[in-house]
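J.: When you get a sec, could you give me coordinates for this:
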Amino acid sequence: MTIRRQNLLPRFCAAAMAAAVLGGCVKNEEKITVHADGSVDLQMVVEGDRKDMESGAPGIAKREGWVVTQHMVTEDDGEQKVHRQAEITIPAGQPIPANYPTDDPDGEALALRHATTLEIERRADGVYYHFRRVYEHRPAAFVNVAWDELYEEYGDEDPAKMKGDEARKFVVMLGGIARFQQAAIVRKAWRSLDNPWRQDLRLAVYDAINRVINGIDPDEVVEMLTGESNDDGDSDAELDALAARVDLEVSDAITTVLRDARIPMREINEFHALLARERRRYAITDDYMDDYWRVKLEMPGTLVGHNGDKIEDGAVTWERKGEYFYDRTVELLATSRVSPRDSR
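T.: Got it, this is the predicted structure:
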């Protein structure tokens with residue numbers, strides 16, 4: 001069992017204190033075919049465990065113009081695997097989608113985006129096709145930096161098997177990460193306000209969050225983590241209940257601070273909506289960490305250049321894990337040429 005960075009905000013303990021096993025990653029395999037007339041075929045295939053597919057980042061779903069199919073396979077060990085596929089043909093000259101369709105418009109806006117363009121240039125020596133895709137960076141370091149110390153000390157250990165002082169130290173350290181992460185998300189939401197409130201008010205919010213988290217008994221969490229507090233061994237249920245309680249107490253604490261400062265309730269509600277959005281944005285980013293992307297691009301004519309990882313049957317292929325998109329922009333580039341002789 002390995003410790004994974006988990007979102008501590010909507011599930012303060014259920015995700016982090018349980019230190020979930022690094023589960024089976026979701027595989028995203030895309031095939032892009034550029035035709036000589038400038039039309040583009042897009043095909044995305046997403047595969048993964050049912051639990052990962054249903055609880056992670058927004059998944060592809062039916063949308064006008066798209067052909068979407070899905071089937072599920074139950075393997076010998078009882079695990080259910082989901083296979084989803086989405087396809088569309090983009091006519092020449094039309095914009096290429098920067099994301100895949102989902103049944104969650106808000107989640108779609110927060111999910112990984114990839115602005116894609118195709119430029120066709122006619123020269124004396126032929127027609128050039130310039131493909132460019134830019135994956136927007138996913139801010140993560142503002143939270144994940146707090147995990148480094150934990151990884152250095154506990155990266156290969158199973159928290160459920162820890163005993164005594166070691167288990168308590170682990171839980172206390174996770175509490176510290178939770179405080180840091182809560183403050184980081186508050187800062188992001190605060191900066192999104194049309195008219196940010198004064199700094200001392202933000203510090204008062206931080207203090208309120210700290211009081212809630214410091215009020216959790218580490219020994220109680222250790223018992224939940226190891227299953228010792230429940231005869232049925234259902235520590236996940238206990239941790240879920242604790243997570244819900246912490247969420248409610250943190251929300252109430254923030255509201256109390258803002259109301260005491262005479263902030264109008266309308267503005268308080270707007271701030272909570274911003275907080276929820278930033279929490280979900282980071283949760284989606286965190287979920288991408290162990291996902292896998294494979295993009296295969298077929299271009300007309302002969303490849304002139306590319307920045308792909310390899311060539312397969314004349315197609316350019318890029319392979320990335322989700323963490324490649326953390327805090328950096330990823331650019332896919334390829335150019336091909338159709339000579340005058342080939343175009344006849």
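J.: First-to-last residue distance for stretch 324-340?
T.: Stretch 324-340 has an end-to-end distance of 39 Å (CA to CA, to the nearest Å).
J.: What are the contacting residues of that stretch?
T.: By CB atoms under 8 Å, 6 or more residues apart in numbering, the residues outside stretch 324-340 that reach it are 34, 36, 112, 125-141, 144, 285, 288-289, 295, 297, 299-308, 316, 318, 320. For every residue, glycine as well, the C-beta is placed using N, CA and C.
J.: Identify the residues contacting residue 118.
T.: Here residue 118 is in contact with 34, 38, 40, 96, 129-132 (CB under 8 Å, 6+ apart).
J.: What's the PyMOL line that selects buried ones from those?
T.: Selection of the buried residues among the contacts of residue 118 in PyMOL, burial being defined by 16 or more other CB atoms under 10 Å:
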select buried, resi 34+38+40+96+129+130+131
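J.: Just give me the closest of the contacts of residue 118 to residue 52.
T.: residue 96 (27.4 Å; CB to CB).
J.: Chain neighbours aside, what residue packs nearest to that closest one?
T.: Nearest residue to residue 96, sequence neighbours excluded (CB to CB, 6 or more residues apart in numbering): residue 116, at 4.2 Å.
J.: Which helix or strand lies directly C-terminal to the one helix or strand residue 152 maps to?
T.: Assigned by DSSP states H and E, residue 152 belongs to helix 148-154. The first helix or strand that comes after helix 148-154 along the chain, using DSSP H and E, is helix 164-191.
J.: Remind me what whichever helix or strand comes after that next one packs against, helices and strands.
T.: Next helix or strand after helix 164-191 toward the C-terminus (DSSP H and E): helix 199-214. If you count contacts as 3 or more CB pairs under 8 Å, 6 or more residues apart in numbering; DSSP states H and E, helix 199-214 packs onto helix 164-191, helix 235-260.
J.: Domain-wise, how is the chain divided?
T.: For the chain, automatic domain parsing gives the domain ranges 27-139+288-338, 143-285.
J.: what about the last one, start to end distance?
T.: In this case it means domain 143-285. Using CA to CA, the end-to-end distance of domain 143-285 comes out at 11 Å.
J.: Same question for the longest one.
T.: Using CA to CA, the gap from the first to the last residue of domain 27-139+288-338 comes to 33 Å.
J.: can you give me the offset of it from its chain's centre?
T.: 16 Å (CA atoms, centre = their mean, to the nearest Å).
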